[in-house]
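Chemist: What shape does this take:
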Amino acid sequence: MHNQGGSGLARESGVSGNISLADTPLSRASPLPQGITGVKRDAPEKLLYIFRPPSAWCNRFMSLALERLVAGTPIPFAGNRVTVVSPELAERFQPGDHLLVEQVSGELLLIPVADQQAANVAIERAQAAFTALSAVSDQAISAFFDLFAQRLETPECWALIEAANLADIERAKARGRSTTRLLADERMRRDMIAGLRAWRDAAASRGKVISCVEHDGWKVEQVVSPLGIVAFVFEGRPNVFADAAGVLRTGNTAVLRIGSDALGTAQAIVAHALNPALNDAGLPAGAVSLVESVNHAAGWAMFADRRLSLAVARGSGRAVSQLGSIAQQAGTAVSLHGTGGAWLIANADADARRFAAVVRNSLDRKVCNTLNVCLIHRDRAAELVPLFLDALKQAGTARGQGCKLHIVEGSESHLPQDWLAATVEVYRAEGYQTEAQAEPLPEDQLGREWEWEETPEVSLKIVDDLDSAIALFNRYSPQFTVSLISESAEAQERFYNAVNAPFVGNGITRWVDGQYALNKPELGLSNWESGRLFARSAILSGDGVFTIRSRMTQVDLGVKR
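Modeler: Sure, this is the predicted structure:
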């Protein structure tokens, strides 16, 4: 294995280099990987490999096909760290497979050749469609959105999609998987149709001149232009096609990989609504392509492809950050959802009635902007904690369920004794579980998102003042959505300037949604967990996916520098 960076591998024959195995300690008894000529101990807790490269590697770069993996082989990552090929990974690897090194964690990701090919086929179709789309009129694109919506409205078409969805749900239940967001019900159908018609009616911005600078004898115009192929990895939500198709509005194409739980529904939407609409509107096949694989590896392969112009990952947790890292390693811009869960802070001057209403109306269902953490000022705890608990109970009752509370350690004294002693039937993905109604939570776990199914679930902490609440949010939250209940304009302004979040309000947390807030179907939401976003909103919409080209027009032949 030849290494060009400063990883510690020597690049001249006869010169030894050291690789620290701090990330994966090995014993002296471990077999030496190929090319490793010795081992020495650099410190009691570290072993160092001594690497002597073959003279054939000297003074030139070599690129060889990866034909096999050897267990114990050290793989450098992140510039100065090392991970090691496991025996299980070495055994699974077959010629033609791809291996990705995720540069943040050092995780080795195996992409079987079949998943690589599935991603490649979809991207090739999207690439060809992007070229062809430049000759398609905006009117034809509008017709596509309308035809897609009409197909979803047709009872015969929807019955086929519904049947596939019910089969997906049964399979997911049999595997003990959550089906909360999987159901393609009438509400989802209406939302998809409304979203598609919103794109139909949206002003076409492709080719729009956004600025013009006049010079003597010439001018320069800046023009909105298509970006390219946009890749999506979605969790198991069947309605994602209405969102992803929005990139066509600005002349882009889309390639999607959807979670295995919803793949059957997705395939039915493609076969019975999407592809017929593309064909009838005269748009190129492949303008919206589905990666035909149930494996996560297909998503890795797709996001690692340098032909993408933008990679969008929706969902939460480690899977999203991993996908983002893969795309960024390939040099592709990303829009990552990441961890969700909204925070609500009640200040010392909070209006009690407003506070109770906000809690109740931020817990109607579990999505990313659902209330997850509540912080209450200590001076108001005696009044507001009972209102909070009552609103939480009401949210559960509205769903025919109980409710679940996580009380941060040190705040337990503000709960009634009956809450501390009670149990509740909590509906989890695997069914009902009997649990304590209120459980202690370490403060450093405040950022945990409660992925509840039917039983509303939140965390609660009592704080000394607004500054303490802000500090907790900035330290532990996913830097996503937060509301402050306060009657003070000065406090609201100070709060807005101090919290590190893209979405800040003074009411319900459930407003954070592209369709609901901006009247535009969203492609994705982003938190600021990995930093603020360059020159764009944390709500990514289809009409925001473009590039800017500069076009010069010269009328005076005497113009020169």
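
Chemist: need the contact list for the nearest residue to residue 474 once chain neighbours are set aside.
Modeler: For residue 474, ignoring the flanking residues on the chain, the nearest one in space by CB to CB, 6 or more residues apart in numbering is residue 500 at 5.1 Å. C-betas here are computed from N, CA, C, even on glycine. When contacts are counted by CB atoms under 8 Å, 6 or more residues apart in numbering, residue 500 touches 473-474, 479, 528, 532.

Chemist: Identify the farthest-apart pair in those.
Modeler: The most widely separated members of the contacts of residue 500, counting by CB to CB, are 473 and 532 (15.3 Å).

Chemist: The two: which is more packed in?
Modeler: More neighbours surround residue 473 than the other of residue 473 and residue 532, with 25 against 10 (other CB atoms under 10 Å).

Chemist: Residue 342 is in contact with the more buried one, correct?
Modeler: No: in this structure, residue 473 is not within contact of residue 342 by CB atoms under 8 Å, at 10.7 Å.

Chemist: Find residues that contact each of the two.
Modeler: With CB under 8 Å, 6+ apart, residue 473 and residue 342 have common neighbours residue 482.

Chemist: Distance-wise, check the residue nearest to residue 474 relative to residue 109.
Modeler: Note on residue 500: its distance to residue 109, by CB to CB, to the nearest Å, is 31 Å.

Chemist: swap in residue 72?
Modeler: 18 Å.

Chemist: gap between the two ends of stretch 496-506?
Modeler: 10 Å (CA to CA, to the nearest Å).

Chemist: And for stretch 124-142?
Modeler: First-to-last residue span, stretch 124-142, CA to CA: 24 Å.

Chemist: Could you give me the buried positions within stretch 401-412?
Modeler: By neighbour count with 16 or more other CB atoms under 10 Å, stretch 401-412 contains the buried residues 401-408, 411.

Chemist: for stretch 172-183, same thing?
Modeler: Applying 16+ other CB under 10 Å to stretch 172-183 flags 172-173, 177-183 as buried.

Chemist: likewise stretch 114-129?
Modeler: Buried residues in stretch 114-129 (16+ other CB under 10 Å): 115-116, 118-123, 125-129.

Chemist: That stretch: how far from the chain's middle?
Modeler: Averaging C-alpha coordinates over stretch 114-129 and over its chain gives two centres that are 21 Å apart (CA atoms, centre = their mean, to the nearest Å).

Chemist: And the helices in the stretch 1-150 of the chain?
Modeler: 87-92, 113-133, 138-153 (DSSP state H, counting those that start in this stretch).

Chemist: what about the ones you listed, which gets the closest to residue 263?
Modeler: So among those, helix 113-133 is nearest, using CB to CB, at 11.7 Å.

Chemist: What residues sit buried inside stretch 372-387?
Modeler: Neighbour counts over stretch 372-387 (16+ other CB under 10 Å) mark 372-377, 380-381, 384-385, 387 as buried.

Chemist: Count residues in the vicinity of residue 468, would you?
Modeler: Residue 468 has 16 neighbouring residues, counting by other CB under 10 Å.

Chemist: And the contacts of the helix or strand harbouring it?
Modeler: Element membership of residue 468, judged by DSSP states H and E, is helix 466-476. In this structure, residues lying in contact with helix 466-476 by CB under 8 Å, 6+ apart are 343, 345, 347-348, 375, 377, 443-444, 446-447, 461, 463, 482, 484, 486, 491, 494-495, 498-501.

Chemist: What strands line up against the helix or strand following that helix, and which way round?
Modeler: Counting by DSSP H and E, the next helix or strand C-terminal to helix 466-476 is strand 481-485. Strand 481-485 has its sheet partners listed here by DSSP bridges as strand 342-346 (parallel), strand 503-505 (parallel).

Chemist: Using PDB, write out the CA atom coordinates for strand 481-485.
Modeler: Only the C-alpha atoms of strand 481-485 are listed here, as PDB (Å, rounded to 0.1, in the frame of the first residue of the first chain):
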ATOM      1  CA  THR A 481     -34.500  24.200  16.800                       C
ATOM      2  CA  VAL A 482     -35.200  26.200  19.900                       C
ATOM      3  CA  SER A 483     -37.900  28.400  21.300                       C
ATOM      4  CA  LEU A 484     -37.900  30.900  24.100                       C
ATOM      5  CA  ILE A 485     -41.100  31.700  26.100                       C
END
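
Chemist: Identify all contacting residues around it.
Modeler: With CB under 8 Å, 6+ apart as the criterion, strand 481-485 contacts 340-347, 350-351, 354-355, 358, 362, 369, 466, 473, 491-492, 495, 499, 501, 503-509, 512.

Chemist: So how do I select the buried members of the residues you listed in ChimeraX?
Modeler: This is how ChimeraX selects the buried members of these, with burial counted by 16+ other CB under 10 Å:
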select :340,341,342,343,344,345,346,347,350,355,358,362,369,466,473,491,492,495,499,501,503,504,505,508,509,512
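
Chemist: Counting neighbours, which bits of stretch 302-319 end up buried?
Modeler: 302-305, 307-316.

Chemist: and which of those is nearest to residue 188?
Modeler: For those, the minimum distance to residue 188 (CB to CB) is 15.3 Å, reached by residue 314.

Chemist: residues contacting the closest one?
Modeler: Contacts of residue 314 (CB under 8 Å, 6+ apart): 232-235, 237, 240, 320, 337, 524-525.

Chemist: Could you rerun that using 10 Å?
Modeler: 232-235, 237, 240, 243-244, 258-259, 320, 323, 335-338, 368, 522-526, 540 (CB atoms under 10 Å, 6 or more residues apart in numbering).
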